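**Student:** Predicted model and sequence below, questions to follow.
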Amino acid sequence: MIKISVNGKAASVDADPEMPLLWALREQLQLTGTKFGCGMALCGACTVHLDGKPVRSCSTPMSATSGKKVITIEGIGSGRIGKALQAAWIAHDVPQCGYCQSGQIMSASALLAEKKSPSDADIAEAMSGNICRCGTYNQIRAAIKDASVALAKGA
């Protein structure tokens, strides 16, 4: 049994220590918002936070999660940054197919937790590992900027 905290709730997962976190989230904990994309940590669809840092859950073994806090897309909206990003995502009509969006929001929230007013270069660097096949990169950048402004105003 591997004990972790997922979205603020204690969880015990009966898993091989080398099993990817993604499969525990989706199959055992029924948190299906985190998506499987490439399985090689290249596309970003599976991004979650592990102790506040963005990680690719498809390549993060369960052994690396023991005693740590995991936040998924299902839990990100409970905080100020997540709420601001979700509102900005809607305002900018970011999702098209939507498949990559949970990973995009998770990476964007980690960026805004670190940099309150990110530059275009900061955004490009933080989001570089997230692929959007629909090409909504301009809307994503605009949504991140708007969320940072809303957060600065106390949203």
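**Tutor:** Arrived safely.
**Student:** top helix in the protein by residue count?
**Tutor:** helix 137-152 (DSSP state H).
**Student:** so what's the residue nearest to the spatial centre of the chain up against?
**Tutor:** Residue closest to the average C-alpha location in the chain (CA atoms, centre = their mean): Met106, at 2.1 Å. Met106 makes contact with Thr47, Val48, His49, Pro54, Ile71, Thr72, Ile73, Ile76, according to CB atoms under 8 Å, 6 or more residues apart in numbering. In short, each C-beta sits where N, CA and C put it, glycine included.
**Student:** contacting residues around the first one?
**Tutor:** Right, the one you point to is Thr47. By CB under 8 Å, 6+ apart, the contact set of Thr47 is Thr34, Pro54, Val55, Arg56, Ser57, Ser102, Gly103, Gln104, Met106, Ser107, Asn130.
**Student:** before we move on, what about the fourth one?
**Tutor:** Under the criterion of CB under 8 Å, 6+ apart, the neighbours of Pro54 are Thr47, Val48, Met106, Ser107, Ala110.
**Student:** Done for today, thanks.
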